[in-house]
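Participant: predicted structure and sequence below. I'll ask about it afterward.
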Amino acid sequence: MRTVEEELRRRLEEYRALAENSPDIVDRFDRDFRHLYVNAAGARALGRPAAEIIGRTIAETAVPEPYRRLWEHRIRQVFDTAAPIEVEDTFPTPQGVRLFHSRCVPETGDSGGVASVLVISRDVTERRKAEDELNTLEQRLHNLADNLSNAMVYQLTTEADGARRFTYVSRGVEWLNEVTVAEVLADAGVLYRQVLPDYVERVREAEDRALRTLTTMRVEVRSRLPSGRVRWFEYTSTPRRLPDGLLVWDGVEVDITERREAEEALRRSEEQLRLSARAARIGAFDLDLATGQAAGSKEFCEILGLPEDAPADVALLLQRVHPEDLDRTRYELQRAMAHPGDSELEYRVLGRDGSVRCLLMRASASAAPEGTVTRMLGVLMDITDLRRAQREALEQRQAAQLQRMESLATTGRLAAGVAHEINNPLQGISAQLRLLRDDLPAEFRENRRLRLIHDGLGRIAHIVHSLLQLHRAPQGVRETCCVADVVGSVAELIAPMALSARVRVETDIRPPDLACPLSAVALTQVLLNLALNGIDAMPGGGVLRLQAHLEDGATVLHITDSGIGIPPGHQARLFSPFFTTKGPKGTGLGLSVTHSLVTSAGGTLDLVQREGKGAAFMIRFASLPRAPGSPKA
């Protein structure tokens, strides 16, 4: 018996020692809510020694009213139900209001009923604060993940049997993968089945490598979405094992379609650039002026006639320079490397076979913050064929110009001879006309038809004089005329022919005092030639327009018709002497003389390309003052 009592006493001492040293509050109450026992932690929470607590009721220990009624109710509930309860709420202590997790357990007596209630309370204030902070942080991370425009954050677990399950998926999956969060959480295969077959093995291999070393996996795949669209995704995920052995993947899915398309476009562009550079014989180079090292493309070495393994330095640019260009090239290159900015240099090189080739270097030098040039990027072009073509084109133009000059000289001699033969009978006709006018009564001398005959003979005389002076250097001050007056006169002269050919003549001169650097007779000849050609080109009738206006200070005249037009094959020879499309009725001198009259006055005469039918000629003279006697604006 004594042994049992001693054992019981020993057990009680051990229990008391454990209770006294426990950080949790241990308290025992009877039915009157009297403290039967309280440990040191409970005494500290109540702010008084245990001796002043044991034997007193909850009310007698000065517990604030709301807390007193609450705890009396809980203890009574355990006595009445003989069932334990767990609660979590706050309680005021000398250290402030703390959060406690309490378990109230009924203790039976000898009679089998509830003799007392044991209350064990643990201070969970710091734990709950940490949990709240963790929840807040987690919510912030979820909000951040849900608002990523081109990414989806996820957490995936892999079970022992290999089954996968998403435990978290951000809302980005809805616009990236066109599925809902709920669908993915319910079935991980919703995402895995989107991966195209060609990339499934790539994903498996990436996961295996990451698992072997527990390092981050990064893999790019193409997926087909429910809408049928195919997008590029990059998955970055890191595996980790939890203490219970569960495998967890924390990862991010990013839509990289635009990046991959940009990379592909860049690759194609670089390939096209490489092919273009090769076809155009353009080589690129990069000079590091601080170290003197250089790097050049394959085409760069080919242009210089160097092997691809040639020493890479600045001297590459001076390899095989023609002796006559060496000093100038070296000087220009040194100057380009000394100043930041763009530069251009053309020089000749000698090929291995002794041939001479012409090269053009264009480069841009960049400087360090202190101003020292440290790098030069540029291209080297073989322009031998271009320069050869330019020389040949120049020679052809010079030959054509010489041929035209010879043709004009022949025309001038022929025109001078014809003019001389015409001039004699013309003088007789003019003299007879004057005598005829003198014989007429005074009221008939100013007859309109006689005036037209007189003016016509005057124009013929001026034309004859111009033919005699054709291609001679102009002397004296140039004449000017009012364009509107001349256009009106020409319209009146061609009116009978236009009426007969069913051609409507339209004129439009703006402003009315517009001037040009030709005499009235010369401009009349120019417009008559072009207008009569236009009428001839409209055998079925049409519209002939004579227009003039100011354009950027220049006088511009347009003569257009709605006729049959000028064949492309004839346009190049249009102003050549003796070229005609009219057959036996044409001389081939009209447009040639017209062109000479305009160009001798500093103007230009061009055939303007038009859509549809008809021909259009444009005459342009540089800026001039208003016509003599015209009103000021």
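Facilitator: That came through, no problem. Numbers count the residues shown, from 1 in each chain.
Participant: CA only for contacts and neighbour counts going forward, please
Facilitator: Noted.
Participant: in stretch 507-518, what's buried?
Facilitator: Neighbour counts over stretch 507-518 (16 or more other C-alpha atoms under 10 Å) mark 509, 512-518 as buried.
Participant: what do you get for stretch 380-391?
Facilitator: Under 16+ other C-alpha under 10 Å, the buried positions of stretch 380-391 are 380-383.
Participant: what sits up against that stretch?
Facilitator: With C-alpha atoms under 8 Å, 6 or more residues apart in numbering as the test, stretch 380-391 has contacts from 280-285, 300, 303, 357-362.
Participant: okay, among those, which ones form the most distant pair?
Facilitator: 285 and 357 (18.8 Å; C-alpha to C-alpha).
Participant: hmm, back to that, buried ones among the contacts of stretch 380-391?
Facilitator: Looking at the contacts of stretch 380-391 with 16+ other C-alpha under 10 Å, the buried ones turn out to be 281-285, 300, 303, 357-361.
Participant: which one of these is nearest to residue 15?
Facilitator: Nearest to residue 15, judged by C-alpha to C-alpha, of the buried ones among the contacts of stretch 380-391 is residue 285 at 88.1 Å.
Participant: does that closest one lie in a helix or a strand, and which?
Facilitator: strand 282-288 (DSSP states H and E).
Participant: who's in contact with that strand?
Facilitator: 277, 293-301, 303, 313-314, 374-382.
Participant: hmm, 6 Å instead?
Facilitator: Contacts to strand 282-288, defined as C-alpha atoms under 6 Å, 6 or more residues apart in numbering, come from residues 294-297, 299-300, 375-381.
Participant: would you turn those residues into TSV with secondary structure and distance to residue 618?
Facilitator: TSV is the format used below for these (DSSP: H, G, I helix; E, B strand; the rest coil; distance: C-alpha to C-alpha, whole Å):
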residue	secondary structure	distance to residue 618
294	strand	55
295	strand	54
296	strand	51
297	coil	50
299	helix	47
300	helix	48
375	strand	52
376	strand	49
377	strand	47
378	strand	44
379	strand	43
380	strand	43
381	strand	40
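Participant: include pLDDT and distance to residue 203 when you put the residues you listed into TSV, please.
Facilitator: Formatted as TSV, the contacts of strand 282-288 follow (pLDDT from 0 to 100; distance: C-alpha to C-alpha, whole Å):
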residue	pLDDT	distance to residue 203
294	72	42
295	74	39
296	74	40
297	76	38
299	77	41
300	76	43
375	84	44
376	82	44
377	83	42
378	83	43
379	82	43
380	80	46
381	82	47
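Participant: out of these, which is nearest to residue 38?
Facilitator: residue 375 (83.9 Å).
Participant: so what's the closest one up against?
Facilitator: 287-289, 365-366.
Participant: could you do residue 347 as well?
Facilitator: Residue 347 makes contacts with 358-359, as judged by C-alpha under 6 Å, 6+ apart.
Participant: give me the element it is part of.
Facilitator: Using DSSP H and E, residue 347 sits within strand 341-350.
Participant: now residue 325
Facilitator: Assigned by DSSP H and E, residue 325 falls in helix 323-338.
Participant: tell me which residues of that helix come out buried.
Facilitator: Residues of helix 323-338 classed as buried: 326, 329, 332-333, 336-338 (neighbour count, 16+ other C-alpha under 10 Å).
Participant: and those as TSV, adding pLDDT and distance to residue 533?
Facilitator: Shown next, in TSV, are the buried residues of helix 323-338 (pLDDT from 0 to 100; distance: C-alpha to C-alpha, whole Å):
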residue	pLDDT	distance to residue 533
326	84	59
329	83	57
332	82	57
333	79	59
336	80	59
337	78	62
338	80	63
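Participant: which one among the residues you listed gets closest to residue 150?
Facilitator: residue 337 (45.7 Å).
Participant: could you check how far the closest one is from residue 618?
Facilitator: The spacing between residue 337 and residue 618, counted by C-alpha to C-alpha, to the nearest Å, is 50 Å.
Participant: just residue 60 next, same as before
Facilitator: With distances taken as C-alpha to C-alpha, residue 60 is found 119 Å from residue 618.
Participant: settle it for me: which of the two has more neighbours?
Facilitator: Just comparing residue 60 and residue 618: by other C-alpha atoms under 10 Å the higher neighbour count belongs to residue 618, 16 against 13.
Participant: so the more buried one sits in a strand?
Facilitator: Yes: counting by DSSP: H, G, I helix; E, B strand; the rest coil, residue 618 falls inside a strand.
Participant: start the count at 410 instead of 1 going forward.
Facilitator: Sounds good: first residue 410 from here, last item residue 1027.
Participant: how about it: what's its closest non-neighbour residue?
Facilitator: Excluding the flanking residues, the one nearest residue 1027 by C-alpha to C-alpha, 6 or more residues apart in numbering is residue 967, at 4.7 Å.
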